[in-house]
Structures are given as structure tokens and as C-alpha cells.
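>>> Show me the folded form of this:
(one chain, ligands or ions: 1)
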Amino acid sequence: MFSQLLEVLSSQELAWQDLANCRGADPDLFFPERGASTRTAKSICRECSVQADCLEFAIVSSEKFGIWGGMSERERRKIRRQRALDAERRKVS
Ligand code: SF4
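Residues are numbered from 1 along each chain as shown. You can find the predicted model right below:
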């Protein structure tokens, strides 16, 4: 799973990759076993200058695993759901 993040970070299409604060960090921090702490990964993300770009990428590409942009899959799923609801509301009004 960390290979997904590395793949994205090494993609030439993304400008934010070079500034990723997680480069060189332990992959297990960002893709922890179920129930393991995500605190350290999130603290690395909080200091990352491209956190917003990373989070948006993960939301738009529906990344299913890992900490991206300082958020877990569950937290990102909430944002996706809220965006979908907001889009529905805009259609209705
Ligand atoms: S926000 Fe977190 S996961 Fe994303 S590039 Fe920065 S440090 Fe890495």
C-alpha cells in the first residue's frame, strides 16, 4: 500500500511530490495495521507544506488505505460523502 503513495510521490505529473514531508519516513506509519496509532503520521502531515494537495489527491482518487493529507480513509470518506450531499443539494436548488 505504501507503494501507492511512493508511486504518486514519484509521479512526474504532480508538482507537490517534491515537498512531501513524509519522504524517508517509515511506511508503516502511514499504512498502519488496523487499530494501530496514526498519531505520528498525522503529526508529520501537519508539518507538510503540501498537505492540502495530498489530501485533495487522495479524496479525488478515492484512496482506500493509509494516511493522506493528515486524514485516515474514514475521515476522507466523510468529506467525500459531504461533497456528494452538497452537490445533490445544489442540483435540487
Ligand atoms: S500530507 Fe502527509 S502523506 Fe501527504 S505528502 Fe504530506 S506528509 Fe506525505
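>>> In contact with the spatially most central residue of the chain, which residues?
Centroid-nearest residue in the chain: Trp68, 1.9 Å away (criterion: CA atoms, centre = their mean). By CB atoms under 8 Å, 6 or more residues apart in numbering, the contact set of Trp68 is 5, 30, 54-55, 57-58, 76. Placement of C-beta: from N, CA and C, glycine included.
>>> what pLDDT does it get?
pLDDT for Trp68: 98.
>>> of the contacts of Trp68, list those near the ligand.
The residues of those that also fall near the ligand, by CB under 6 Å from any ligand atom, are 30, 54.
>>> possible to save the contacts of Trp68 as TSV with secondary structure, pLDDT and neighbour count?
TSV is the format used below for the contacts of Trp68 (DSSP: H, G, I helix; E, B strand; the rest coil; pLDDT from 0 to 100; neighbours: other CB atoms under 10 Å):
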residue	secondary structure	pLDDT	neighbour count
Leu5	helix	68	22
Phe30	helix	97	21
Cys54	helix	96	27
Leu55	helix	97	20
Phe57	helix	95	18
Ala58	helix	96	25
Arg76	helix	98	20
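>>> who touches Ala25 in this structure?
For Ala25, the contacting residues are 41, 44, by CB under 8 Å, 6+ apart.
>>> okay, it: pLDDT?
With respect to pLDDT, Ala25 has a value of 96.
>>> helix, strand or coil for it?
Here Ala25 is coil, with the state taken from DSSP: H, G, I helix; E, B strand; the rest coil.
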